[in-house]
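Peer 1: could you look at this predicted model? Sequence included:
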Amino acid sequence: MLIVAIGGGIVLDAAKYASLKNSIPLILVPTIVSTGAIIHSVFAKWEGFSTVGSVETWPWLDALHVIIDYSVTRKAPSQLNTAGLGDILCSQAGISEWGYSSKMDLAPIVDPSLTQPVRNQRDWIVNHFPATLDRNGGLTSQSIKFIMECIQQRDSNSIKSPYAPGSDHLFWQCVESTNNRGWVHGGGVALSSVIIAWHCDEGLNQLTKDLDACKVSWRPTQLGLSKNHLQLSLSAAPKFFSDKDNGRDMKSILRDNPILGNRFEKLWDFLTL
């Protein structure tokens, strides 16, 4: 027997669960390259639209093969594929948090030796991805391959420091859990990173410039995220980030200095300019 999973991230992760539970070999055939699920072995435990437990306790499974048909992926809306780059560039959130904590004397000065791999991959992506596009700015097979390879390299370039939390991903889980619905993952974590960089006043201009250069749809209007969706999520963030019963206990500016009231109105104005 063999499981062949054809689709996006949710389908691929569901197939990993079925494969693991039934000890059946798995082949992944992603139809979009919007998230690390197309390559990564680990997959989250979900209850509705909320994850439970920590990454360390989540199951993992190595697929036999990942097969890509470029003619299929190119037919998908381009923002579903460039979202994969958003799932990499969002790592700026950790650098922004570290810079903010350092300014507030809550952390040591940012260590360039730990953040440089992330910066190097970001610069590589921004400098080389546009060259993969066709003359009209559309995605090519080379673009799809480029995105997949960058996703594959992301984890080895991640920042390994408690002062640079992955708050972008945790906040996006908060958004989906609070509103009990899903959005495009790569675009959502990119938006989360922009929000964190804005609140920390660290690295914002470079981040938005890089996301736009890579054609990542990160703005609320592009994602279909309403003002109420975001306001509810930011209000819920402190409790969500400190929910130890569900394996969540992350220090973050969104937990310790939540975006509420007039501060939220200023954020929304910035996001909808």
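Peer 2: Looks like it came in fine.
Peer 1: now do the same contact list for W60.
Peer 2: 41-43 (CB atoms under 8 Å, 6 or more residues apart in numbering). C-beta here means a position set from N, CA and C on the backbone, and glycine is covered the same way.
Peer 1: ugh, typo on my part, it should be K16
Peer 2: K16 touches 5, 26, 41, 43, 59, 61, 63, counting by CB under 8 Å, 6+ apart.
Peer 1: run a quick neighbour tally on the first one.
Peer 2: Neighbours of A5 under the rule other CB atoms under 10 Å: 20.
Peer 1: so where does it fall, helix or strand?
Peer 2: strand 3-7 (DSSP states H and E).
Peer 1: downstream of that strand, the next helix or strand is which one?
Peer 2: helix 9-22.
Peer 1: how big is the angle separating that next one from strand 3-7?
Peer 2: 170 degrees (axes from the mean of the first three to the mean of the last three CA atoms, to 10 degrees).
Peer 1: CA atoms of helix 9-22 as CSV?
Peer 2: This file holds the C-alpha atoms of helix 9-22, laid out as CSV (Å, rounded to 0.1, in the frame of the first residue of the first chain):
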residue,chain,number,x,y,z
GLY,A,9,-0.1,22.2,3.3
ILE,A,10,-3.2,21.0,5.2
VAL,A,11,-3.7,18.0,2.9
LEU,A,12,0.0,17.1,3.1
ASP,A,13,0.0,17.2,6.9
ALA,A,14,-3.1,15.2,7.1
ALA,A,15,-1.6,12.6,4.9
LYS,A,16,1.5,12.5,7.1
TYR,A,17,-0.7,11.7,10.1
ALA,A,18,-2.5,8.9,8.2
SER,A,19,0.8,7.5,7.0
LEU,A,20,2.3,7.5,10.5
LYS,A,21,-0.8,6.1,12.2
ASN,A,22,-1.1,3.2,9.7
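Peer 1: show me what the helix or strand following it is packed against.
Peer 2: Sequence order places strand 26-30 as the next helix or strand after helix 9-22, per DSSP H and E. With contacts taken as 3 or more CB pairs under 8 Å, 6 or more residues apart in numbering; DSSP states H and E, strand 26-30 sits against strand 3-7, helix 9-22, strand 65-66.
Peer 1: got the angle between the strand holding A5 and strand 26-30?
Peer 2: Going by the same axes, to 10 degrees, strand 3-7 makes 10 degrees with strand 26-30.
Peer 1: what packs against strand 3-7?
Peer 2: helix 9-22, strand 26-30.
Peer 1: out of the ones you listed, which one sits most buried?
Peer 2: Neighbour counts averaged per stretch over the helices and strands packed on strand 3-7 are highest for strand 26-30, at a mean of 21; criterion: mean count of other CB atoms under 10 Å.
Peer 1: who are the contact partners of L28?
Peer 2: Per CB under 8 Å, 6+ apart, neighbours of L28: 5, 12, 15, 38, 63, 65-67.
Peer 1: with respect to G84, which of these is nearest?
Peer 2: Distance ranking of the contacts of L28 against G84, using CB to CB, places I38 first at 7.7 Å.
Peer 1: follow-up on the earlier one: adding secondary structure and pLDDT, write the contacts of K16 out as TSV.
Peer 2: As requested, these are exported to TSV (DSSP: H, G, I helix; E, B strand; the rest coil; pLDDT from 0 to 100):
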residue	secondary structure	pLDDT
A5	strand	92
L26	strand	93
S41	coil	76
F43	coil	71
P59	coil	77
L61	coil	81
A63	coil	86
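Peer 1: now render the residues you listed as TSV, adding distance to F129.
Peer 2: As requested, the contacts of K16 are exported to TSV (distance: CB to CB, whole Å):
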residue	distance to F129
A5	27
L26	29
S41	25
F43	27
P59	32
L61	30
A63	26
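Peer 1: could you tell me which of those residues count as buried?
Peer 2: Buried subset of the contacts of K16 (neighbour count, 16 or more other CB atoms under 10 Å): 5, 26, 43, 61, 63.
Peer 1: right, and the helices and strands packed on strand 26-30 - which one's nearest R219?
Peer 2: Taking these one by one with CB to CB, helix 9-22 is closest: 20.9 Å.
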